[in-house]
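> I'd like to go over a predicted model; first the sequence, then the structure.
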Amino acid sequence: MSNKKNYCLPFYFLVGAIILLCMACNEVYTPKPRSFYRIDLPEKAYQVFNEKTYPFRYEYPVYAQIIPFNQEGEKYWTNVIFPDFNAQINLSYLEIHNNLKEYIADATMFVNKHQQKAVGIFEREYVYPEGRVYGVIYDIKGSGVASTCQFYLTDSVHHFVRGALYFMETPNNDSLSPIIRFLREDIENLIRTVEWKR
């Protein structure tokens, strides 16, 4: 009789294991989405760019660097570099000599070059009459867009500044969206704080 019990024990164990396995198989497996690295964003703080020779001043983040882009005919051009994000805002300055419409057309043309990859281009006007600062900011939406934000500012008489945000890597704006939103706030601050010197 005791031999019969010894043979039944492994049988019951095997049947129990099969039942548990069958119950576990009823759950549908869903793969987890691919994750991206967590991004720690710095505190917002600004400093003033006010080089004596430049015809305008503005605020830029303390976590950025200003690198002049001096080439022939590009006297007051600068890059606002964000080393932690591998990004930069290219700022170009042009003096107006009865050719404001031409500069605005060029700025619009640079924005329109992104239409093939863009899912939408949204523009908003900036008007600060007390500081004689007028302009347009373009938000360019799309995963493969090279520049997600561009803008131009002018006093309509003497000064014209054009800016464009670029990441120095293959565009994947879905994963970069927290950084894009973060830097977009810095662009807004730059625009709000521009002052013409003459």
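Perfect, I can see it now. Residues are numbered from 1 along each chain as shown.

> for Lys117, what are its contacts?
By C-beta atoms under 8 Å, 6 or more residues apart in numbering, the residues touching Lys117 are Gly142, Ser143, Gly144, Val145, Ala146, Pro171. All C-beta spots, glycine's among them, are computed from the backbone N, C-alpha and C.

> number of residues surrounding the fifth one?
By other C-beta atoms under 10 Å, 16 other residues sit near Ala146.

> how about the secondary structure of the closest residue to it other than its chain neighbours?
Leaving out its chain neighbours, the residue that sits closest to Ala146 by C-beta to C-beta, 6 or more residues apart in numbering is Pro171, at 5.6 Å. Assigned by DSSP: H, G, I helix; E, B strand; the rest coil, the conformation of Pro171 is coil.

> again, but for Ala17
Applying three-state DSSP: Ala17 is helix.

> how many neighbouring residues does it have?
Ala17 is flanked by 10 other residues according to other C-beta under 10 Å.

> picking that back up, the contacts of Lys117: which two are farthest apart?
Within the contacts of Lys117, Ser143 and Ala146 form the most distant pair, 11.3 Å apart (C-beta to C-beta).

> what's the overlap in contacts for the two?
In terms of C-beta under 8 Å, 6+ apart, Ser143 and Ala146 are both contacted by the residues Lys117, Pro171.

> still on that earlier bit, ok, and the most crowded of the contacts of Lys117?
Taking other C-beta under 10 Å as the neighbour criterion, Val145 ranks highest of those with 20 neighbours.

> hang on, isn't that residue packed against Asn172?
No: look at Val145 against Asn172 with C-beta atoms under 8 Å: they stay out of range, at 10.4 Å.

> the helices in this structure, which residues?
Under the criterion DSSP state H, helices of the chain are mapped to 2-24, 100-112, 173-193.

> same for the shortest one, what does it pack against?
Packed against helix 100-112, as judged by 3 or more C-beta pairs under 8 Å, 6 or more residues apart in numbering; DSSP states H and E, are the following elements: strand 133-141, strand 149-154, strand 159-167.
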